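**Student:** No letters, just coordinates:
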């Protein structure tokens, strides 16, 4: 059985994976992947559980989910837990990411989205115990992510979310996914600066960064240039990140999503953040 340190090292060490794209199970999107993406430059993020039969085998993969809410008092059914981790093993995912949240997006009462955690005395220890149990049982590296916060659940300072995330990351040796749209939405909702929220994560291992895909859409609430500038800030603050995943929003059109992937990929071709550089 691999130790916590070995599992964490699998995430934070090794070559950079490059630019990540969501898995969409459609012939048109598969055609886009095969014709326009490069396995040495791109990787695929598979949201589990899902149909994985057509996921290309020649690309590196990571797994992501919103079905195992780590901060909730109650866990999902054993079937969902097993399905998620067994599929992560099948696709040979480098790691699996989940949110520090309550109320996941599948099974039982449906809200369609994750909710930021409600603070209680056992919250941090409960999350750490749960992650350790998942890693001991399934042997797959784990990474954690904050969702957006729009409500303070009784006046609790929103900055505590970022302090909690860093504490869990360091104490449990679990790397972090830094989600730019989530961080920006939280900063906007609570009149904080984007950089202020990022500063709370200094000293933690950031394995992956999420950038939203809405920026290329004409209806997007944030311009692509603003998204790109936020990404540059994150990379300057956390240069050791191994992957940048272009997230697929629930309402993002596939055409807009593919255009975002093209633009991000093009910019990184001439970026100082080299993909799979021999020195990385």
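**Tutor:** That came through fine. Only a predicted model underlies this, so the values are computations on that prediction, with no experimental measurement involved. Residues are numbered from 1 along each chain as shown.
**Student:** At the geometric centre of the chain, which residue sits there?
**Tutor:** Taking C-alpha atoms, centre = their mean, the centroid of the chain lies closest to residue 177, which sits 4.7 Å from it.
**Student:** Torsion angles phi and psi at the closest residue to that residue other than its chain neighbours?
**Tutor:** Spatial nearest neighbour of residue 177, chain neighbours left out: residue 145 (3.8 Å); criterion: C-beta to C-beta, 6 or more residues apart in numbering. Where C-beta positions appear, they are placed from N, C-alpha and C, glycine not excepted. Residue 145 has phi and psi values of phi -140, psi 150 when expressed as degrees, to the nearest 10.
**Student:** what's near enough to touch residue 145?
**Tutor:** 97-100, 176-179, 182, 210 (C-beta atoms under 8 Å, 6 or more residues apart in numbering).
**Student:** quick one: it from residue 229, how far?
**Tutor:** Distance of residue 145 to residue 229, computed by C-beta to C-beta, to the nearest Å: 21 Å.
**Student:** I figured residue 262 hits residue 36, correct?
**Tutor:** Yes. Assessed by C-beta atoms under 8 Å, residue 262 is found in contact with residue 36 at 7.2 Å.
**Student:** quick one: common contacting residues for these two?
**Tutor:** Contacts common to residue 262 and residue 36, judged by C-beta under 8 Å, 6+ apart, are absent.
**Student:** that older thread, the helix or strand hosting the residue nearest to the centre of the chain: what's the following helix or strand?
**Tutor:** Element membership for residue 177, per DSSP states H and E: strand 176-179. Next along the chain after strand 176-179, taking DSSP H and E as the criterion, comes helix 180-189.
**Student:** Tell me the bridge partners for residue 47.
**Tutor:** Per DSSP bridges, the residues bridged to residue 47 are residue 64.
**Student:** What is the burial count for residue 163?
**Tutor:** 12 (other C-beta atoms under 10 Å).
**Student:** Tell me how many other residues crowd residue 192.
**Tutor:** That count, for residue 192 with other C-beta under 10 Å as the rule, works out to 15.
**Student:** Residue 4 now?
**Tutor:** 16.
**Student:** Against residue 232, how distant is the nearest residue to it once chain neighbours are set aside?
**Tutor:** Distance criterion C-beta to C-beta, 6+ apart; nearest residue to residue 4, sequence neighbours excluded, is residue 173 at 4.7 Å. Look at residue 173 and residue 232: by C-beta to C-beta, they are 28 Å apart.
**Student:** Compare these two and say which is more crowded by neighbours.
**Tutor:** residue 173 (22 against 14).
**Student:** The more buried one reaches residue 6, doesn't it?
**Tutor:** No. Residue 173 is beyond contact range of residue 6, at 9.8 Å (criterion: C-beta under 8 Å).
**Student:** and which of the contacts of residue 145 is nearest residue 242?
**Tutor:** residue 177 (10.8 Å; C-beta to C-beta).
**Student:** thought the closest one was touching residue 207?
**Tutor:** Yes. Using C-beta under 8 Å, residue 177 is in contact with residue 207, at 6.7 Å.
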